[in-house]
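Participant: Structure of the sequence below:
(one chain, ligands or ions: 1)
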Amino acid sequence: MAYIRAVDGISLEVKKNETYGLVGESGCGKTTAGKTIIRLLNPTDGKVIFDGVDIAKLKEKDLKPFRTKMQIVFQDPMSSLNPRMTIGNMLSEPLLFHGIAKNKKEAEKIIGGLLEEVGLKAYHVDRYPHQFSGGQRQRIAIARAVSVRPSLIVLDEPTSALDVSVQAQIINLLKKLQEELEATYIFISHNLAVVRFISDRVGIMYLGRLVEEGKVDQVFENPLHPYTKALLEAAPIPDPRKKRERSMLIGGTPNVIARPTGCFFHPRCKYRTKLCEQEYPEFVEVEEGHKVACFLYHK
Ligand code: SF4
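Facilitator: Okay, here's the model as predicted:
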């Protein structure tokens, strides 16, 4: 049997009230990392320190108080919302389960406010998910996540399935809610423009590991890792007069089951040396807060 190490030895620290963007190609482990951080998946090893408590190995009953503090919004609201439940019933469930509302009447009052908060109307409570547009459904998913007033929200490609005009509305809504809740966001996406707009710091993942991390301006203005540079070169430029540089990526998409030896990126890297094929580079700090795993930056 073959095992996939979807996430392997990553270490990231997310500060209170910041937005940490987690970027990479599909299959790089960013969704697994996000789900593991909030214990939707159980890590096989390592720690997840949340508010000073290692929640990695807590039993489900001990996790309950943390469940309200950590929420997730998925990419496809249609599959994350129960098609047989009205919006009102769906939103009242977490409120009643976690004791935020004492009874249905109190829940209804909270839900009315919640719907207004995310740009919907109180009369939407009796409708079903299929009666809404994609953008409205994502607003409902966001309302459900914020209903329990979490301090951490993992946003897993929350705008990828939406039209560009709706994406902007959802991003603005997320920013507004973050200020109101003083929440911390982990924003998972392959859309570099959106990540740049919303994030304070960003981590670039490749085959289950972080290869670069820094403040948004550090990573976008001065990318260090050859993979980050290739991602930025491949991003669309909204100016038809600008010519695109040829991508520096060589070779095809890697096999996640049989990861390369040494630096996982070496089969696609034009700077690779013999050492890159043999050893994995340490994650080193090149300037304050800006880290990279690449031998080009080892002294
Ligand atoms: Fe390329 Fe070597 Fe740096 Fe890996 S360690 S990214 S192969 S130069």
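Participant: So what touches stretch 83-96?
Facilitator: By CB atoms under 8 Å, 6 or more residues apart in numbering, the residues outside stretch 83-96 that reach it are 68, 81-82, 100-101, 103-104, 106-108, 110-111, 114-115, 124-130, 140, 143-144, 147-148. Using the backbone N, CA and C atoms, a C-beta is placed for each residue, glycine as well.
Participant: so what's Tyr128 up against?
Facilitator: Tyr128 touches 83-87, counting by CB under 8 Å, 6+ apart.
Participant: Show the buried residues in the contacts of stretch 83-96.
Facilitator: Among the contacts of stretch 83-96, those buried by neighbour count (16 or more other CB atoms under 10 Å) are 68, 81, 100-101, 107-108, 111, 114-115, 124-125, 127, 129, 140, 143-144, 147-148.
Participant: Which single residue of the stretch 51-200 of the chain ends up nearest the ligand?
Facilitator: Leu192 (18.5 Å; CB to the nearest ligand atom).
Participant: Count the residues that sit near that residue.
Facilitator: 20 (other CB atoms under 10 Å).
Participant: quick one: buried residues of the top helix by length along the chain?
Facilitator: Taking DSSP state H as the criterion, the chain has its longest helix at helix 164-181. Neighbour-count burial for helix 164-181, counted by 16+ other CB under 10 Å, picks out 166-167, 169-171, 173-174, 177-178.
Participant: picking up where we left off before, unless I'm mixing things up, the residue of the stretch 51-200 of the chain closest to the ligand is touching Ala230, no?
Facilitator: No - when contacts are counted by CB atoms under 8 Å, Leu192 is not listed as touching Ala230 (11.5 Å).
Participant: roughly how far out does the longest helix of the chain sit from the chain middle?
Facilitator: Distance, stretch centre to chain centre, for helix 164-181: 15 Å (CA atoms, centre = their mean, to the nearest Å).
Participant: cool, and stretch 114-124?
Facilitator: The answer for stretch 114-124 is 25 Å, by CA atoms, centre = their mean.
Participant: Same question for stretch 87-96: list its buried residues.
Facilitator: By neighbour count with 16+ other CB under 10 Å, stretch 87-96 contains the buried residues 87-92, 94-95.
Participant: residues contacting Cys276?
Facilitator: Neighbours of Cys276 in contact, by CB under 8 Å, 6+ apart: 262-263, 266, 269, 295.
Participant: between the residues you listed, which has the most around it?
Facilitator: Cys263 (27 neighbours).
Participant: A helix includes Gln71, no?
Facilitator: No - applying DSSP: H, G, I helix; E, B strand; the rest coil, one finds Gln71 to be strand, outside a helix.
Participant: Could you list which of the contacts of Tyr128 belong to helices?
Facilitator: Reading helices off those with DSSP H, I get Ile87.
Participant: Those residues of this protein touching the ligand, which are they?
Facilitator: Residues of the chain lying close to the ligand by CB under 6 Å from any ligand atom are 225-226, 263, 265-266, 269, 271-272, 276, 281, 294-296.
Participant: re earlier: next up, the contacts around the residue of the stretch 51-200 of the chain closest to the ligand.
Facilitator: Neighbouring residues of Leu192 by CB under 8 Å, 6+ apart: 23, 220, 231-232, 235.
Participant: let's see 10 Å
Facilitator: Shown in contact with Leu192 (CB atoms under 10 Å, 6 or more residues apart in numbering): 21, 23, 202, 204, 219-220, 228, 231-232, 234-236.
Participant: what's the burial count for Glu25?
Facilitator: Neighbours of Glu25 under the rule other CB under 10 Å: 15.
Participant: Next one: it relative to Thr31, how far apart?
Facilitator: Taking CB to CB, to the nearest Å as the measure, Glu25 falls 12 Å from Thr31.
Participant: ok, now Lys215?
Facilitator: With CB to CB as the criterion, Lys215 and Thr31 are 24 Å apart.
Participant: Equivalent analysis for His225, please.
Facilitator: Relative to Thr31, His225 is positioned 21 Å away (criterion: CB to CB).
Participant: quick one on the thing from earlier: can you report phi and psi for the residue of the stretch 51-200 of the chain closest to the ligand?
Facilitator: Per-residue torsions, Leu192: phi -70, psi -30 (degrees, to the nearest 10).
Participant: Just the pLDDT for it.
Facilitator: On pLDDT, Leu192 comes in at 92.
Participant: that older thread, dump the buried residues of stretch 87-96 into CSV; add secondary structure and pLDDT as well.
Facilitator: Below are the buried residues of stretch 87-96 laid out as CSV (DSSP: H, G, I helix; E, B strand; the rest coil; pLDDT from 0 to 100):
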residue, secondary structure, pLDDT
Ile87, helix, 95
Gly88, helix, 95
Asn89, helix, 94
Met90, helix, 94
Leu91, helix, 95
Ser92, helix, 95
Pro94, helix, 92
Leu95, helix, 94
